[in-house]
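A.B. asks: Would you be able to build a 3D model of this:
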Amino acid sequence: MRTPSDLRVSLRSSKHRAFTLIEVLVVIAIIAVLISILLPSLGAARDSARRTKGASNLRTLASASIAYSIDHRGFYCSGPWWNRQTRSFGAVDRAGWVADFVNGGYCIPGNLLSPGTPARFSQQLIMSELNAGPVWKPFSEAERDALIAAGFNTNYTLSWYMAHTEVKDRYNRGADLFNPRDTLGPLQDKYLANAPASMVPLFGDPHTDVDDRGEQILYQGQLYPTAKLMTDGPRAGVFGPDGFEWHWQEFSDFGPAYASRGGVLNLRRHDRTVGLLSFADGHADMFKDLNADGVFAPDTDGSGRTLVPVTYREFEGRVFFGTLTNGKP
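C.D. replies: Numbering: from 1, shown residues only. Coordinates of the predicted model:
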């Protein structure tokens, strides 16, 4: 039988085991502080892991290009992955770099998507783009979806070098930079004699215009942003025997996909500052968006006009952006 004295001891013990409201609030505050300290570190670790995976994907694509070149007389691919007759050498299920890699067993690009960009598909797979004529072959939406399921997809942007190498006549102001008729064709190892393979880009993270409705794909009832198919190629120079020359690559369809600026958006409506490119020697490298414009664009003067000769502070000394046949930087 418990005595009054035992009861008093029990009550005192119960009081000692209970937390006061102030103690609970202090613990919650400490936990909140710890979370605020840990979250940036966890975010940085997650971003680093994604960059590591992205670099691995790009190295795999570059290695597939090199393996393809060994089997195909030095050509790194059969050209751009484009269904239009005036833009490529065949339908997207049998020609172009994505089809080359899938059909040849080199890799499955659709399984090697950049983890940094919100785009999960290539803009080539938008139905209105896929069937923009004249086409090599029309595709229904079901056929397009079957291609995606088979790995015929990418969210990386192809370098114009990889697809076209160079304009056949650099002084032809009317040249169509995307028509194989006016270019030398897919990159071949012989064109790397005048430029280091370690500086000639093949693939890169895309810049993505997430608000551009015209660049969105409808897939299984949902809309998704898409990645640019290819960089824009050379822009006109101001020197040469005729005062005009196609020169200096335009790389602004490459863009940063990693390392958030803490939610501060740039003109491209995203906050990423770091992007990855892979090169003709098989390596991948990281580049920073130094002026925080959301793309890797040529340097400009104070009024926004591109400087001539063209320079890229973000790529300086690490990326070749001149003429491959003569090595002119």
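A.B. asks: The spatially most central residue of the chain: what's it in contact with?
C.D. replies: Computing the C-alpha centroid of the chain and ranking residues by Cα atoms, centre = their mean puts D205 first, at 1.5 Å. Going by Cβ atoms under 8 Å, 6 or more residues apart in numbering, D205 touches 54, 114, 116-117, 156-157, 254-258, 275-277. For the C-beta atoms, the positions are set from N, CA and C on the backbone; glycine is no exception.
A.B. asks: and the two most separated of these?
C.D. replies: Greatest spacing in these, by Cβ to Cβ: T157 and Y258 (15.1 Å).
A.B. asks: So between the two, which is more surrounded?
C.D. replies: In this view T157 and Y258 are compared by other Cβ atoms under 10 Å, and T157 has more residues nearby, 29 against 20.
A.B. asks: How far does stretch 294-302 stretch from one end to the other?
C.D. replies: Its first and final residues considered, stretch 294-302 spans 18 Å by Cα to Cα, to the nearest Å.
A.B. asks: Kindly apply the preceding question to stretch 177-187 instead.
C.D. replies: One end of stretch 177-187 sits 14 Å from the other (Cα to Cα).
A.B. asks: returning to that earlier point: give me the subset of the contacts of D205 that lies in strands.
C.D. replies: Members of those lying in strands (criterion: DSSP state E): 157, 258, 275-277.
A.B. asks: Lowest pLDDT pick from the residues you listed?
C.D. replies: Among the ones in strands among the contacts of D205, Y258 has the lowest pLDDT, at 91.
A.B. asks: Quick check: that one touching R46?
C.D. replies: No: using Cβ atoms under 8 Å, Y258 is not in contact with R46, being 10.2 Å away.
A.B. asks: hang on, the earlier thing: any chance of the ones in strands among the contacts of D205 in JSON lines with distance to K137 as columns?
C.D. replies: Below are the ones in strands among the contacts of D205 laid out as JSON lines (distance: Cβ to Cβ, whole Å):
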{"residue": "T157", "distance to K137": "24"}
{"residue": "Y258", "distance to K137": "36"}
{"residue": "G275", "distance to K137": "33"}
{"residue": "L276", "distance to K137": "33"}
{"residue": "L277", "distance to K137": "31"}
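A.B. asks: Looking at those residues, which is nearest W81?
C.D. replies: T157 (11.2 Å).
A.B. asks: Disregarding flanking residues, what is the spatial nearest neighbour of that closest one?
C.D. replies: Spatial nearest neighbour of T157, excluding adjacent residues (Cβ to Cβ, 6 or more residues apart in numbering): P206 at 4.2 Å.
A.B. asks: Could you check how far the one you found is from R305?
C.D. replies: 25 Å (Cβ to Cβ, to the nearest Å).
A.B. asks: what about the strands in the stretch 101-250 of the chain?
C.D. replies: 121-122, 157-158, 201-204, 216-219, 222-227, 233-236, 246-250 (DSSP state E, counting those that start in this stretch).
A.B. asks: The fourth one pairs with which strands, parallel or anti?
C.D. replies: Each strand that strand 216-219 pairs with, and the sense of that pairing, follows from DSSP bridges: strand 222-227 (antiparallel).
A.B. asks: Can you point out the buried residues in the strand it pairs with?
C.D. replies: Using 16 or more other Cβ atoms under 10 Å as the test for burial, strand 222-227 gives 224-227.
A.B. asks: go on, stretch 125-141?
C.D. replies: 125-126, 129-131, 135-136, 139.
A.B. asks: Kindly reformat the residues you listed as JSON lines containing pLDDT and distance to N172.
C.D. replies: Below are the buried residues of stretch 125-141 laid out as JSON lines (pLDDT from 0 to 100; distance: Cβ to Cβ, whole Å):
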{"residue": "L125", "pLDDT": "97", "distance to N172": "32"}
{"residue": "I126", "pLDDT": "97", "distance to N172": "31"}
{"residue": "E129", "pLDDT": "96", "distance to N172": "27"}
{"residue": "L130", "pLDDT": "97", "distance to N172": "30"}
{"residue": "N131", "pLDDT": "97", "distance to N172": "30"}
{"residue": "V135", "pLDDT": "97", "distance to N172": "27"}
{"residue": "W136", "pLDDT": "98", "distance to N172": "26"}
{"residue": "F139", "pLDDT": "98", "distance to N172": "33"}
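A.B. asks: Which of the three states applies to D285?
C.D. replies: Assigned with DSSP: H, G, I helix; E, B strand; the rest coil, D285 falls in the strand class.
A.B. asks: got a list of what it touches?
C.D. replies: 276-279, 318.
A.B. asks: Now do the same for it: its pLDDT.
C.D. replies: Predicted confidence (pLDDT) for D285: 97.
A.B. asks: what does the one 5 residues further on give?
C.D. replies: Looking at L290, its pLDDT stands at 86.
A.B. asks: Equivalent analysis for the one 5 residues further on, please.
C.D. replies: Each residue has a pLDDT score; the one for V295 is 84.
A.B. asks: try F19
C.D. replies: The model's pLDDT for F19 equals 71.
A.B. asks: same check, this time on P4
C.D. replies: pLDDT, P4: 53.
A.B. asks: from the strands of the stretch 101-250 of the chain, which stretch is densest packed?
C.D. replies: Among those, strand 157-158 has the highest mean neighbour count (mean count of other Cβ atoms under 10 Å), at a mean of 30.
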